[in-house]
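Asker: Build the 3D model from these lines:
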Amino acid sequence: MPQHIPVRIRLHSRHDGENVVQELPAEATIRGGSLYVRYEDSQEGPQGGTTRTTVKIGKDELKLIRHGDIQSEQTFKPGSKLPGFYRSPYMNFMLSTDTGQLDIRLHGHSGSVEWAYDLYVYEEFSGHFAISLLIQEEQET
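Answerer: The predicted structure is shown next:
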């Protein structure tokens, strides 16, 4: 049975000059040569809601899976345009990601991942995104 290790993550997203930084508690586990990082993402606004996000980090590919009030899946692989989807109570659409850069540096349950991609919604260009994810094991006190 894989061991779930408590970690802290720092997720930094850049899009159209806007910077969003989130620091969240998470858990990490290694399974089948991939690092899985899971965290809860609370939505702003009157409806509230929670979505569980899983980031699967492989050797040369990253997959972002959301379950809950929002369901989505995006896959990032350098030089590839890959299909995905987004579903919420308010809208559903197909999307794809064209990944230009993916830099994975892992050491056990810690490390960093940086990726940049163009997002397409129904094959229409929607924007360029740059994301960095820092993963640090929680220290025992």
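Asker: Note down every partner strand of the least confident helix or strand in the chain by mean pLDDT and its orientation.
Answerer: When each helix and strand of the chain is scored by mean pLDDT, DSSP states H and E, strand 34-42 comes last, with a mean of 91. When pairing is defined by DSSP bridges, strand 34-42 lines up against strand 18-31 (antiparallel), strand 50-57 (antiparallel).
Asker: Comparing those strands, which comes out most buried?
Answerer: Of the strands paired with strand 34-42, the one with the most neighbours on average (mean count of other Cβ atoms under 10 Å) is strand 50-57, at a mean of 17. Heads up, the C-betas are built off the backbone N, CA and C, glycines and all.
Asker: Not counting its neighbours along the chain, what's nearest residue 61?
Answerer: Excluding the flanking residues, the one nearest residue 61 by Cβ to Cβ, 6 or more residues apart in numbering is residue 77, at 4.5 Å.
Asker: and that neighbour, what is it in contact with?
Answerer: If you count contacts by Cβ atoms under 8 Å, 6 or more residues apart in numbering, residue 77 has them with 60-62, 99, 102.
Asker: Likewise for residue 86?
Answerer: 70-72, 92-93, 95.
Asker: In strands, which of those residues fall?
Answerer: 71-72, 92-93, 95 (DSSP state E).
Asker: Dump those residues into JSON lines; add distance to residue 3 and neighbour count as well.
Answerer: JSON lines is the format used below for these (distance: Cβ to Cβ, whole Å; neighbours: other Cβ atoms under 10 Å):
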{"residue": "71", "distance to residue 3": "27", "neighbour count": "14"}
{"residue": "72", "distance to residue 3": "27", "neighbour count": "18"}
{"residue": "92", "distance to residue 3": "36", "neighbour count": "11"}
{"residue": "93", "distance to residue 3": "37", "neighbour count": "13"}
{"residue": "95", "distance to residue 3": "34", "neighbour count": "19"}
